[in-house]
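Undergrad: Got a sequence here, can you build the structure:
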Amino acid sequence: MQFDNKKVGETIRSLRIKKGITQEVLSGLAGIARTHLTMIESGKKQPNFETIWKIALALEMNPSELVSEMEQNI
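TA: Predicted coordinates for the structure are as follows:
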């Protein structure tokens, strides 16, 4: 299985939209810049594990749940 930045970003975007929150809110909850989140969601930037961890917690998920969602989409 190949890591796919675009699919990872699509997964995060989809989960964020399902929660009904904006990039501004999610980035604030995760403690990352909105521009950083935008680049992750668009597949232009690969998140490191710390960033995935922060995003997962901001989405009220365990990091393993977020990674599992990503795996399903890849």
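Undergrad: May I ask which helix or strand encompasses the most centrally placed residue in the chain?
TA: Geometric centre of the chain, nearest residue: residue 12, 3.5 Å, by CA atoms, centre = their mean. Following DSSP states H and E, one finds residue 12 within helix 5-19.
Undergrad: tell me what that helix is packed against?
TA: helix 23-30, helix 34-41, helix 63-73 (3 or more CB pairs under 8 Å, 6 or more residues apart in numbering; DSSP states H and E). Every residue, glycine included, has its C-beta placed from N, CA and C.
Undergrad: how about these, which one is nearest residue 7?
TA: Between residue 7 and the helices and strands packed on helix 5-19, the tightest spacing by CB to CB is seen for helix 63-73, at 4.8 Å.
Undergrad: where does the protein dip in pLDDT?
TA: When residues are selected by pLDDT under 70, those of the chain lie in 1.
Undergrad: try it again with 80
TA: By pLDDT under 80, the low-scoring segments of the chain are 1-2.
Undergrad: Now do the contacts for the residue nearest to the centre of the chain.
TA: With contact set as CB atoms under 8 Å, 6 or more residues apart in numbering, residue 12 has these partners: 37, 40, 41, 55, 59, 66.
Undergrad: Switch those residues over to a markdown table; also include neighbour count and distance to residue 23.
TA: What follows is those, written out as a markdown table (neighbours: other CB atoms under 10 Å; distance: CB to CB, whole Å):
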| residue | neighbour count | distance to residue 23 |
| --- | --- | --- |
| 37 | 26 | 5 |
| 40 | 23 | 10 |
| 41 | 22 | 7 |
| 55 | 25 | 11 |
| 59 | 21 | 12 |
| 66 | 21 | 16 |
